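**Q** No sequence on hand, only this structure:
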C-alpha cells in the first residue's frame with residue numbers, strides 16, 4: 001500500500017479581510033489561508049529536489065469577481081497564486097468571462113504565462129489547431145510518493161452558455177469521451193506516460209460532477225471491493241470547483257469536520273458509490289486528505305486503485321497565524337490598487353446625483369445610466385443560449401451608494417467603486433409577466449420611505465401611482481424601443497449577432513435635439529431630451545411570454561422584499577455573473593479603447609485580436625468624422641457622444657471589444673507589473689526593496705493628464721419610471 005497526500009481548494013477571489021458571516025465582527029483573509037496551506041504542506045516528506053512529496057491541486061476559479069478585480073481585472077491574483085504554488089490548476093469561467101481566450105497573445109494569456117503553474121482544459125479543442133486552446137494544457141503527469149499521477153481538466157457543457165464571446169472555433173467535447181480517451185493514452189503500459197492513477201480536476205455543478213464520476217468509474221473503495229474497476233478505463237477521483245460550497249461525497253472512507261450524510265441540494269444521486277471532493281470558496285476551506293493506493297493484478301488497465309481516502313476539512317479561523325510573505329506581497333499589490341482609484345475613467349457633462357434621498361424615491365439620471373450600461377453586458381452569453389439579448393434591467397436604488405454628487409467633470413475609478421460597492425454578481429433571470437409585475441409592486445410598496453428596494457430599470461417603462469395602496473400601484477408596464485441604432489442578424493466570427501451601423505439620420509436627429517436642449521441638470525428638464533417608444537405591453541399573467549431581466553443576485557435570492565424573484569430560472573447565474581462595478585469598468589475601458597483608436601490618424605499598425613474590433617472602431621471613427629465636419633463641430637461632437645450612449649449597438653461594441661482586446665494601454669492599473677510582482681519578490685529574496693513596486697516609473701498620484709479618449713456620459717431622466725400621482 002502507498003499513501004499519497006493531497007491538498008485541494010477552489011473558487012478563490014477576495015484577498016482583503018472579510019467577515020465570515022454578515023453579522024460577525026470576526027474576519028479572515030488570504031494571508032491566514034496561505035499560512036494554513038503552507039503548514040499542511042510542510043508536514044509532507046521532503047523530496048531530493050527540496051520540495052514536498054505530495055500534491056496541491058486547484059479547481060478554478062480565481063480572477064474575478066472581487067472589489068480588487070474591478071480595479072486590476074484579475075492581475076493581482078497572478079502573484080497570489082504563484083505564492084500558493086499549486087502543482088496543477090483547472091481553468092474557471094473568469095479565464096473567459098473576464099479576459100477571454102484568443103488566438104494571439106491577450107491579457108489572460110500574458111497572465112497565464114507569468115503564472116508558474118500549468119493550467120488545464122482537456123475537453124475543449126481549438127479547431128484551428130486541433131489542440132486545446134493555447135497556452136492551456138490537455139493534461140499533466142507528475143510523480144509523487146513513487147506514484148505516477150495523470151491530472152486532467154474537465155468542464156460541463158452548461159459552462160459554455162455563460163461565456164460572452166465564446167469563439168466559434170472552440171469545440172466542446174463530451175466528458176465521457178475525453179476521460180476514456182485520456183485514460184487510454186495516459187495508462188498505456190507501452191506508452192510514454194504509464195500513469196498509475198488519474199485525477200480529474202473539474203469545474204461543474206454537483207449533479208454533473210456526480211454523473212461524471214459515475215460515467216468515468218471514479219468509484220468508492222466500497223464499490224471497488226464488490227466490483228473492481230481495475231479493468232475499466234476512466235478516472236480515479238474528481239476534485240471539483242464551480243459550486244461555492246464544501247461537499248464531500250459519501251464514498252470516502254472517513255472525513256474529519258464534515259458530515260457526509262448531511263443532505264446537500266443537487267447531490268441526490270450520490271449513493272456512496274463515487275469519489276468527489278469540492279472545497280468551498282474564498283479562502284475559507286482547504287481539503288487535506290490521503291489516498292491509500294493498492295496495486296492491481298498484472299495486466300490490469302488501472303495499475304493502482306484507491307482502497308481508502310481519509311481527509312479533514314481545514315477552515316481558516318479568525319486570529320490564526322498569517323503568512324508574512326503573503327502579507328508583504330499584498331501590501332505592494334494593494335498600494336497600487338489604491339493609486340489607481342484616483343485615475344479618471346470617464347467624464348460627465350452634468351452632475352451625477354447619487355444621493356439616497358433621490359435614488360430611493362424617484363427615477364434618477366444616475367440610476368438610469370447604470371441600468372442602461374448593465375442591460376447589454378451579457379447579450380453574447382444569452383445569444384449563445386439561443387434566447388437573444390436581455391429585455392430589461394431591474395435593480396434597486398439601494399444599489400447606488402456614495403450618497404453624494406459627482407461632477408460635472410472627471411469621474412474616477414474610486415468614484416465608481418464608492419457608488420457601486422456591493423460584491424454580489426449581476427445575474428439574468430427569466431420572468432413571466434406576473435413575476436415582473438409582482439417584483440415591481442414589491443419595489444414600490446414602501447414608498448415614500450427611503451428604502452433601498454425602490455426600483456431602477458432599463459428596457460421598459462413603468463407607469464405607477466403613489467396615491468394608490470401598496471402592491472396596487474402599478475398602472476402598466478411596457479417594453480420600449482432603444483433610440484438610435486439597431487443590431488443586424490448577421491453572424492459574427494463568434495457565432496453571435498453583431499452590431500450593424502447605426503442609422504445616421506436618427507443619430508443626427510438625436511444629436512440636434514441634445515445639442516439644442518437645455519444644459520440644466522435637474523431631473524425634470526433632462527427628461528425632455530429623450531423620448532421613449534412603447535413596443536410591447538407586459539401583461540400581468542402567469543406563463544405566456546417570458547422576459548430576460550438583468551438583476552442582482554441579492555435580489556434574485558429574494559432579499560429586501562424581492563420574494564417574487566426567488567426561485568426563478570437563471571439564464572446567467574451567480575457563478576457566471578460579474579460584479580456591477582466590474583461590468584461598468586469593462587464598458588468604460590471598451591469606450592476608451594475604441595475612442596482612442598478612432599481619434600487616431602490611423603490604427604492600421606495596431607495588432608487587434610478580433611476581426612469585429614476593427615469594424616467597431618471604424619464605426620466610431622466614421623461617426624466622429626461625420627459630426628466633426630458639421631458647422632457646429634464642437635457641439636456636434638459632444639452631442640454625438642451623448643446620443644450614442646443610448647444605442648444597443650454602442651453598448652455591445654464596448655463590451656465586446658473590452659472582452660476581446662488587450663486593454664493595458666488604456667487601463668489605469670499597471671497590470672503587467674502586478675502580474676510580475678511575485679517574480680520580483682523572489683529575485684529580491686524577501687529583502688523588500690522598492691524595485692518590486694507596481695507603480696509605474698514617474699507616476700504621480702496627484703497629477704492626471706487630461707485624456708480626450710475618456711468617454712463623456714450624459715445621464716438623463718426620460719420618464720421610464722413615472723409616478724402619475726406626482727405630476
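**A** Yep, that arrived. This is a predicted model, so every value here is computed, not measured. Numbers count the residues shown, from 1 in each chain.
**Q** low-confidence ranges in the stretch 401-550 of the chain?
**A** Applying pLDDT under 70 to the stretch 401-550 of the chain flags the ranges 483-530.
**Q** actually the chain, not the one I wrote
**A** The chain contains residues with pLDDT under 70 at 93-116, 161-165, 483-530, 626-646, 670-706.
**Q** what about the residue at the greatest distance from the centre of it, distance to residue 195?
**A** Centroid-distance maximum for the chain: residue 298 at 47.7 Å, with C-alpha atoms, centre = their mean. As defined by C-beta to C-beta, to the nearest Å, residue 298 lies at a distance of 17 Å from residue 195. Heads up, the C-betas are built off the backbone N, CA and C, glycines and all.
**Q** again with residue 355
**A** From residue 355 across to residue 195, the span is 63 Å (C-beta to C-beta).
**Q** mind listing the strands for the stretch 501-650 of the chain?
**A** With DSSP state E, counting those that start in this stretch as the criterion, the stretch 501-650 of the chain has strands at 534-537, 546-552, 569-572.
**Q** Which among these is found nearest to residue 188?
**A** Residue 188 lies closest to strand 569-572 among the strands of the stretch 501-650 of the chain, at 41.2 Å (C-beta to C-beta).
**Q** which residues touch the closest one?
**A** Strand 569-572 is contacted by residues 162, 378, 381-382, 385, 387, 426-430, 548, 556 when judged by C-beta atoms under 8 Å, 6 or more residues apart in numbering.
**Q** if we can go back for a sec, tell me which of residue 355 and residue 195 has more neighbours.
**A** When residue 355 and residue 195 are compared for neighbours, residue 195 comes out ahead with 26 against 14, by other C-beta atoms under 10 Å.
**Q** which residues touch that one?
**A** 141, 148, 149, 150, 186, 187, 303.
**Q** ok, now residue 152?
**A** 120, 122, 138-139, 178-179, 182, 186, 198-201, 235.
**Q** so residue 426 touches residue 586, yeah?
**A** No. With contacts counted by C-beta atoms under 8 Å, residue 426 stays clear of residue 586, the gap being 11.3 Å.
**Q** shared neighbours of those two, anything?
**A** Listed as contacting both residue 426 and residue 586 by C-beta under 8 Å, 6+ apart are 377, 578.
**Q** ok, the two, which is more surrounded?
**A** More neighbours surround residue 426 than the other of residue 426 and residue 586, with 27 against 24 (other C-beta under 10 Å).
**Q** From the contact counts, what lies against whichever strand or helix holds the more buried one?
**A** Following DSSP states H and E, one finds residue 426 within strand 426-432. On a contact count with 3 or more C-beta pairs under 8 Å, 6 or more residues apart in numbering; DSSP states H and E, strand 426-432 meets strand 546-552, helix 553-556, strand 569-572.
**Q** Just the angle for the first one relative to strand 426-432, thanks.
**A** For strand 546-552 against strand 426-432, the angle between stretch directions is 150 degrees (axes from the mean of the first three to the mean of the last three C-alpha atoms, to 10 degrees).
**Q** these two touch, right, residue 464 and residue 722?
**A** Yes. Residue 464 is within contact range of residue 722, at 7.3 Å (criterion: C-beta under 8 Å).
**Q** Comparing these two, which residue is more hemmed in?
**A** Taking other C-beta under 10 Å, residue 464 and residue 722 do not tie; residue 464 has more neighbours (23 against 20).
**Q** The more buried one bridge partners, please.
**A** Beta bridges link residue 464 to residue 474, residue 723 when assigned by DSSP bridges.
**Q** who are the neighbours in contact with the residue lying closest to residue 400 once chain neighbours are set aside?
**A** Counting by C-beta to C-beta, 6 or more residues apart in numbering, the nearest residue to residue 400 once its immediate chain neighbours are dropped is residue 359, at 4.7 Å. When contacts are counted by C-beta under 8 Å, 6+ apart, residue 359 touches 353, 366, 367, 397, 400, 454, 456.
**Q** three-state assignment of the nearest residue to residue 344 once chain neighbours are set aside?
**A** Spatial nearest neighbour of residue 344, chain neighbours left out: residue 410 (3.8 Å); criterion: C-beta to C-beta, 6+ apart. Each residue gets one of three states, and residue 410 gets strand by DSSP: H, G, I helix; E, B strand; the rest coil.
**Q** I figured residue 410 hits residue 712, correct?
**A** No. Counting by C-beta under 8 Å, residue 410 does not reach residue 712; the two are 10.6 Å apart.
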